[in-house]
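# Next input, structure requested:
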Amino acid sequence: MFFFFLVIPAKAGIQKKLKPRSLSVSYATSCKTNLQLGNRDCVFILVVFIVREIIMASKNFYSPLAWCLALICLVSPSWADEPLAITGLGKYSMPTGTPGGLSGITWAGGNSYYIVEDSGSRMYPLTVNLNVSGTVASTSLGSSVTLAGSEDIEGVAYDSSSSSLYVSGETDATIKQYNPAGGAAASTVTVPAVFTGYRTNYSLESLAMRSGNLEMWTANEEALANDGPLSSSTAGTVVRLQKFTRATVNDSFTAAGQWAYQTDPHTGTPAIGTPRSGVSDMCVLPNGKLLVLERELGGTGALPTFRNRIYEIDLDGATDTSAITALDGATYVLAAKTRLWEANFGITDNFEGMCLGPKLADDSYSMLLISDGDSPLAKSLYALKITGTVPEPTSLGILAMSLLAMLRRRAGR
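The predicted structure follows:
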């Protein structure tokens, strides 16, 4: 993401007019103001420019100071991978008139979001204004748009390259692309045939797009018929995390890997309601890390309670199950998961949609959950923020290559 900061020509005339400190500080300040970069990114830019200026201006291309600064920047813990952490910021009650059955949410840049309704095949533009802390300050719901030919929409993902929406259907296990302006279908993604073995109401519940629009993920809510039992109080259910990729934004998405994931068991058996535990949505961070939102209906009292957990997924060592038609009885390695956050919302809020939002002032990223809101449940958003290594992990490699290139050019003079 910092490539364009490093390839700006360092002509002698510019170096003579601007001292290294004034050039680097002024440029970093401009980036913070105009590009809305966080403090950590601006410090990185500042270090890059100082090192760059020393190397380019030094008569000795082996400048000890430049090498020391480069080494400090490369090995400093501040640039190493930081563990992800999610903090809950609080609930926001949607205005009167907000429809129920809201199953998915996706960020479309700025304060623009889209939400989908599972019972009416409708999509709504949603404006969400955030406070500096990441809590929700206000919302404004736009007019509904019916998505032609869709059934029981659950997941939604925004494609910024075409300003279109991809939605997953639970009734028919499909993923379709739509024009949000009028609701016309634009294309259909080929979903692996194994997902046709879904159980009723436990099909493709989630959908997530990685920034760059070249990678998309979905998953079934609970186990396919050939993959094992539904969740119980003693064991979770095994679902398939399905990855799609494309070479360019003009190409179609194709299946590119699939991994088995086990949810948590549900807690107890309430006197009222059928307890469940499944995957209700997913989120892909810019660096490719995958997050899964689990939703549980459980409890040990008379009334059931809703509990949500967000997990970071690790696919290293997990089996690609694309060629396994039935997981029940098969030998494979599950995807590993690390819990980042959980909350129990009692009987009032059924949060089932999740999306990543804009970067906040403290370098964290906003996240939003949306509740189903079917009567008599509440219609709510829940704000979170995620900290740790979230951006594209290219900064160190770019810095190292750029420093090496500059040193080589200097050596050749």
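# alpha carbons only for contacts and neighbour counts from here, please
Will do.
# Extract the CA atoms of the helix or strand where residue 354 lies and return them as CSV.
For residue 354, the element it lies in under DSSP states H and E is strand 351-359. Only the C-alpha atoms of strand 351-359 are listed here, as CSV (Å, rounded to 0.1, in the frame of the first residue of the first chain):
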residue,chain,number,x,y,z
PHE,A,351,-27.2,-10.5,15.5
GLU,A,352,-26.5,-12.5,12.3
GLY,A,353,-24.8,-10.1,9.9
MET,A,354,-21.2,-8.7,10.1
CYS,A,355,-19.0,-6.4,8.0
LEU,A,356,-15.7,-4.6,8.2
GLY,A,357,-16.0,-0.8,8.0
PRO,A,358,-13.7,2.2,7.7
LYS,A,359,-10.4,2.8,9.5
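# For it, which residues meet the burial criterion?
351, 352, 353, 354, 355, 356, 357, 358, 359 (16 or more other CA atoms under 10 Å).
# Partner strands of the helix or strand following that strand, with direction?
Next helix or strand after strand 351-359 toward the C-terminus (DSSP H and E): strand 365-371. Strand pairing for strand 365-371, using DSSP bridges, gives strand 351-359 (antiparallel), strand 380-387 (antiparallel).
# so which of those comes closest to residue 371?
Residue 371 sits nearest to strand 351-359 of all the strands paired with strand 365-371, at 3.8 Å, using CA to CA.
# Now do the closest one, average pLDDT.
What strand 351-359 shows for mean pLDDT is 97.
# and the residue nearest to residue 252 when sequence neighbours are not counted, what does it touch?
Computed as CA to CA, 6 or more residues apart in numbering, the closest residue to residue 252 that is not its neighbour in sequence is residue 246, at 6.1 Å. Listed by CA atoms under 8 Å, 6 or more residues apart in numbering, the contact set of residue 246 reads 214, 215, 252, 253, 254.
# picking that back up, and of the strands paired with strand 365-371, who's closest to residue 242?
Using CA to CA, the strands paired with strand 365-371 put strand 351-359 closest to residue 242, at 17.1 Å.
# what's next to the closest one, contact-wise?
In contact with strand 351-359 (CA under 8 Å, 6+ apart) are residues 38, 102-107, 109-110, 155, 206, 208, 280-285, 293, 295, 308, 365-372.
# Taking these, please make a ChimeraX selection of just the buried ones.
Buried residues within the contacts of strand 351-359, by 16+ other CA under 10 Å, are selected in ChimeraX with:
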select :38,102,103,104,105,106,107,155,206,208,280,281,282,283,284,285,293,295,308,365,366,367,368,369,370,371,372
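# related to what we said a few turns ago, which of the contacts of residue 246 fall within helices?
Using DSSP state H, no member of the contacts of residue 246 falls within helices.
# Dump the C-alpha coordinates for stretch 159-169 into CSV.
Provided in CSV are the C-alpha atoms of stretch 159-169 (Å, rounded to 0.1, in the frame of the first residue of the first chain):
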residue,chain,number,x,y,z
ASP,A,159,-17.9,-5.2,-5.1
SER,A,160,-16.3,-1.7,-5.4
SER,A,161,-14.9,-2.4,-8.9
SER,A,162,-18.4,-2.6,-10.4
SER,A,163,-20.4,-0.9,-7.7
SER,A,164,-22.5,-4.1,-7.5
LEU,A,165,-23.7,-6.5,-4.8
TYR,A,166,-23.2,-10.2,-4.5
VAL,A,167,-25.8,-12.0,-2.4
SER,A,168,-26.1,-15.6,-1.1
GLY,A,169,-29.4,-17.4,-1.1
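# Can we start the residue count at 823 from this point?
Okay, residue one is now 823; in that scheme the one you just asked about reads as stretch 981-991.
# Flag every buried residue along it.
981, 982, 986, 987, 988, 989, 990, 991.
# what stretches of the stretch 823-972 of the chain score poorly on pLDDT?
823-903 (pLDDT under 70).
# give me that answer again for 90
823-904, 918-919, 940-943, 971-972 (pLDDT under 90).
# Likewise for the stretch 973-1122 of the chain?
In the stretch 973-1122 of the chain, residues with pLDDT under 90: 973-974, 1090-1096, 1121-1122.
# coming back round to it: quickly name whichever of the buried residues of strand 1173-1181 is closest to residue 1057.
Among these, and counting by CA to CA, the member closest to residue 1057 is residue 1174, at 20.8 Å.
# So the spatially closest residue to the closest one that is not a sequence neighbour, which state does it fall into?
Closest residue in space to residue 1174, ignoring its immediate chain neighbours: residue 1102 at 5.3 Å, by CA to CA, 6+ apart. Assigned by DSSP: H, G, I helix; E, B strand; the rest coil, the conformation of residue 1102 is strand.
# who's in contact with residue 1102?
Counted by CA under 8 Å, 6+ apart, residue 1102 has contacts 1027, 1028, 1043, 1114, 1115, 1116, 1117, 1174, 1175.
# can you pull out the helices in this protein?
With DSSP H as the criterion, the chain has helices spanning 825-828, 834-839, 842-856, 861-879, 886-897, 1217-1233.
# Could you double-check that residue 981 sits in contact with residue 999?
No: with contact defined as CA atoms under 8 Å, residue 981 does not reach residue 999; the gap is 9.2 Å.
# Just give me the residues shared between the contact sets of these two.
Common neighbours of residue 981 and residue 999 (CA under 8 Å, 6+ apart) are 987, 988.
# In strands, which of the contacts of residue 1068 fall?
1037, 1076 (DSSP state E).
# Report the buried members of the contacts of residue 1068.
Here, 16+ other CA under 10 Å leaves 1036, 1037, 1075, 1076 buried among the contacts of residue 1068.
# can you redo those residues as TSV with distance to residue 1011?
What follows is the buried ones among the contacts of residue 1068, written out as TSV (distance: CA to CA, whole Å):
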residue	distance to residue 1011
1036	13
1037	13
1075	6
1076	7
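# quick check, nearest of these to residue 1014?
Among the buried ones among the contacts of residue 1068, and counting by CA to CA, the member closest to residue 1014 is residue 1076, at 9.2 Å.
# how about the nearest residue to the closest one, chain neighbours excluded?
Counting by CA to CA, 6+ apart, the residue nearest residue 1076 is residue 1066, at 5.2 Å.
# What residues are bridge-paired with the one you found?
residue 1038, residue 1077.
# ok, of the buried ones among the contacts of residue 1068, which one's closest to residue 911?
residue 1037 (28.6 Å).
# check contacts around the closest one.
Residue 1037 neighbours (CA under 8 Å, 6+ apart): 1031, 1065, 1066, 1067, 1068, 1075.
# Before I go, just wanted to say thanks for your time.
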